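>>> Just a sequence and a predicted model for now, questions to come.
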Amino acid sequence: MRLFQYDAPLWRAVSTIGDLIVLNLLACICALPVVTAGASLTALADTSRRMAQGEGTAVWRMFLTSFRRNFRTASLAWAVVGPVALVLLAAWIFVQADELIVLKALISAVLLLGFPFLWSLIARFDNTVGAHLKNAWLVAIGNLPLALGVLAIHAGMIALVVATAYYLPAGFPVLLLLGVSLPWVASAPLIERAFRPLLDRAS
């Protein structure tokens with residue numbers, strides 16, 4: 001009879017998967033206009049943390065509340081980071097000079113390390129855009145093992161999606177429904193550990 005109770009492990013797992021799918025769809029839809037991608041990423045980071053900590057109830061409500069609250073700051077941050085990422089991507093595609101590979105790889109690694117921390121900082125702390133941009137990379141570099149762990153989780157999800165598309169196409173749609181939200185929720189505890197000194201200082 002335990003199997004059919006709402007708080008049974010099976011139904012909790014089904015509920016969590018459903019929440020991840022809803023979060024995934026919201027993040028993708030809200031990022032579609034491109035200019036709103038920063039606000040979408042911030043709401044994704046905020047909602048992922050709350051889910052990982054068991055806070056809140058309705059995922060859609062948490063996401064949309066965070067999206068509206070952080071829209072201005074996140075959009076300004078995206079106006080800085082987005083073009084940098086675009087130029088870097090264009091450099092990888094169109095600039096094939098071998099002597100620049102190490103430089104491009106180094107810049108890419110630095111950008112990727114701080115990227116998740118930026119949106120999480122905006123969601124957690126009130127500060128200027130410049131301070132958020134500076135602090136995101138300071139926190140990432142100052143907590144390099146945690147930052148590498150976050151990066152590994154996201155890279156692992158991308159590799160899993162690509163491998164599934166090639167070797168198990170039937171499972172590809174399922175992974176697509178979890179491909180954005182799952183790594184964010186999985187990496188939220190690592191980001192929170194990196195923020196602990198900042199939270200202690202703010203309290």
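Looks like it arrived, so ask away.
>>> Skipping adjacent residues, who's closest to Asp46 in space?
Ala123 (3.6 Å; Cβ to Cβ, 6 or more residues apart in numbering). All C-beta spots, glycine's among them, are computed from the backbone N, C-alpha and C.
>>> who's in contact with the one you found?
Contacts for Ala123 (Cβ atoms under 8 Å, 6 or more residues apart in numbering) come out as 42-43, 45-46, 49, 66, 70.
>>> cool, Val81 as well?
With the criterion set at Cβ under 8 Å, 6+ apart, Val81 makes contact with 38, 111, 115, 118, 133.
>>> Any chance of CSV for the contacts of Ala123, columns secondary structure, distance to Glu99 and pLDDT?
Listed next are the contacts of Ala123 as CSV, based on DSSP: H, G, I helix; E, B strand; the rest coil; distance: Cβ to Cβ, whole Å; pLDDT from 0 to 100:
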residue, secondary structure, distance to Glu99, pLDDT
Thr42, helix, 37, 98
Ala43, helix, 41, 98
Ala45, helix, 36, 97
Asp46, helix, 41, 97
Arg49, helix, 41, 96
Ser66, helix, 43, 97
Asn70, coil, 41, 97
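>>> rewinding a little: what's the helix or strand for the residue nearest to Asp46?
Using DSSP states H and E, Ala123 sits within helix 101-124.
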